[in-house]
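Chemist: Okay, here's the prediction I keep looking at, along with the sequence it came from:
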Amino acid sequence: MIKPSTETRTVCNLCNAPGTLDTAGEMVQVHCNVRQHADQKFSVWRCDNCHSLHSRDVVEMAHYYENYPFVRQKSNLFWKISSRNYIQRLVKAGYRRDMSLLDYGCGSGMLLKHFRRQNYCNTQGYDPHDERFNNPAVLEQTYDFVILQDVIEHVEEPVELLDKVISLTRPGGVICIGSPNAEQLDLGQLDQCVHSLHQPYHLHILSERALRAMAVERGLTVKKFYDVYYADTFIPMANVRFSHYYASLFDNTLDLAFDGYRFHWKQLTPKGQALAWFGRFFPPHYEMMFMFQKEDAGVKSMAMC
């Protein structure tokens with residue numbers, strides 16, 4: 001057991017009129033949703049101004065990332081369909097095969113593989129924690145699209161990360177940010193949102209209003225917004241509602257997503273079958289995705305003439 005840190009996060013670092021731990025109207029203790037650390041609890045509090053969520057205690061993250069479940073991630077039919085959904089969203093925002101794209105915080109590069117399989121080959125990945133993708137030269141150029149999927153909530157300074165990806169985006173380019181939406185996470189129903197809270201890995205979970213304000217202040221415009229997770233599919237049993245139900249039948253940990261399918265008799269009950277087949281028709285709104293467009297200096301200059 002690692003010794004707990006005495007450091008705490010007591011001031012919101014996401015809004016211009018930051019709330020504090022002392023003024024927070026909501027604070028709860030949340031079980032870690034990774035099996036190895038499931039016996040530990042962590043405190044989460046909500047900023048009373050922007051409604052973002054913050055993990056109170058500063059811990060040694062390297063300890064928790066050892067044997068992280070995502071290192072066991074493998075490609076399968078569900079992941080292929082989810083990746084296709086992701087790419088389709090980018091296409092709707094103007095993405096083409098001749099455009100350059102950077103997946104910032106790409107992890108093992110699983111999403112990049114699916115881009116390339118669909119002939120989107122002008123793609124790069126960067127992740128400082130993976131030796132296959134930690135080449136700093138990737139950050140010395142700019143891109144038409146920069147994606148930040150399930151990353152911004154993992155860093156200590158989300159504002160600095162946003163500034164970084166803006167600098168990596170060409171004028172007129174698009175920044176795609178996918179993250180849990182703090183405003184949709186009900187701290188009174190922890191069994192429903194424990195995986196979005198994902199303690200202690202999610203340090204700061206932004207609210208929709210906080211992320212939107214941060215972007216607008218930096219000259220970005222909202223091109224598209226989604227409040228349903230891109231991996232929510234119409235494949236039976238491959239939707240978020242059923243996934244949460246499935247996890248609750250066992251130990252309700254993230255590890256279940258990588259263990260391989262397990263059967264429980266309650267999956268055959270009317271509730272289990274309804275969620276398996278129709279869960280996608282009433283999705284939760286725990287996740288958000290913004291497509292922000294960076295201002296094109298040339299267009300602005302023409303408009304001023």
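Modeler: Right, received. Where do you want to start?
Chemist: For Tyr68, give its distance to Lys41.
Modeler: Plainly put, Tyr68 is 19 Å away from Lys41 if you go by Cβ to Cβ, to the nearest Å. All C-beta spots, glycine's among them, are computed from the backbone N, C-alpha and C.
Chemist: no, scratch that, I was asking about Tyr65
Modeler: 19 Å.
Chemist: do Glu60 as well
Modeler: 17 Å.
Chemist: When the two are compared, which one has more neighbours?
Modeler: A side-by-side neighbour count of Glu60 and Lys41, using other Cβ atoms under 10 Å, places Lys41 first with 15 against 12.
Chemist: what about the residue lying closest to the more buried one once chain neighbours are set aside, which helix or strand?
Modeler: With sequence-adjacent residues excluded and distances taken as Cβ to Cβ, 6 or more residues apart in numbering, Lys41 is closest to Gln29, at 4.4 Å. Gln29 belongs to strand 27-31 when elements are defined using DSSP states H and E.
Chemist: So which elements touch that strand?
Modeler: When contacts are defined as 3 or more Cβ pairs under 8 Å, 6 or more residues apart in numbering; DSSP states H and E, strand 27-31 packs onto strand 41-46, helix 190-197.
Chemist: These: which one's closest to Pro270?
Modeler: Closest approach to Pro270 among the helices and strands packed on strand 27-31 (Cβ to Cβ): helix 190-197, 19.9 Å.
Chemist: Restricting to C-alpha, output the closest one in CSV.
Modeler: Extracted in CSV, the C-alpha atoms of helix 190-197 (Å, rounded to 0.1, in the frame of the first residue of the first chain):
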residue,chain,number,x,y,z
LEU,A,190,-22.1,6.8,-7.5
ASP,A,191,-22.9,3.3,-8.8
GLN,A,192,-24.0,4.9,-12.1
CYS,A,193,-21.1,7.2,-12.6
VAL,A,194,-18.2,5.5,-10.8
HIS,A,195,-16.5,4.7,-14.2
SER,A,196,-16.7,8.3,-15.4
LEU,A,197,-15.4,9.5,-12.1
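Chemist: what distance separates it from the centre of its chain?
Modeler: Its chain's C-alpha centre and that of helix 190-197 lie 14 Å apart, by Cα atoms, centre = their mean, to the nearest Å.
Chemist: Give the residue spans of this protein that score low on pLDDT.
Modeler: 1-6, 297-305 (pLDDT under 70).
Chemist: In contact with the most centrally placed residue in it: list those residues for me.
Modeler: Centroid-nearest residue in the chain: Asp150, 2.3 Å away (criterion: Cα atoms, centre = their mean). Applying Cβ atoms under 8 Å, 6 or more residues apart in numbering to Asp150 gives the contacts Gly105, Gly178, Ser179.
Chemist: Which of those fall within strands?
Modeler: With strands defined by DSSP state E, the entries of the contacts of Asp150 inside them are Gly178, Ser179.
Chemist: which of the contacts of Asp150 tops the neighbour count?
Modeler: When neighbours are taken as other Cβ under 10 Å, the top entry among the contacts of Asp150 is Ser179 (24 neighbours).
Chemist: For that one, give its distance to Leu197.
Modeler: According to Cβ to Cβ, Ser179 and Leu197 sit 12 Å apart.
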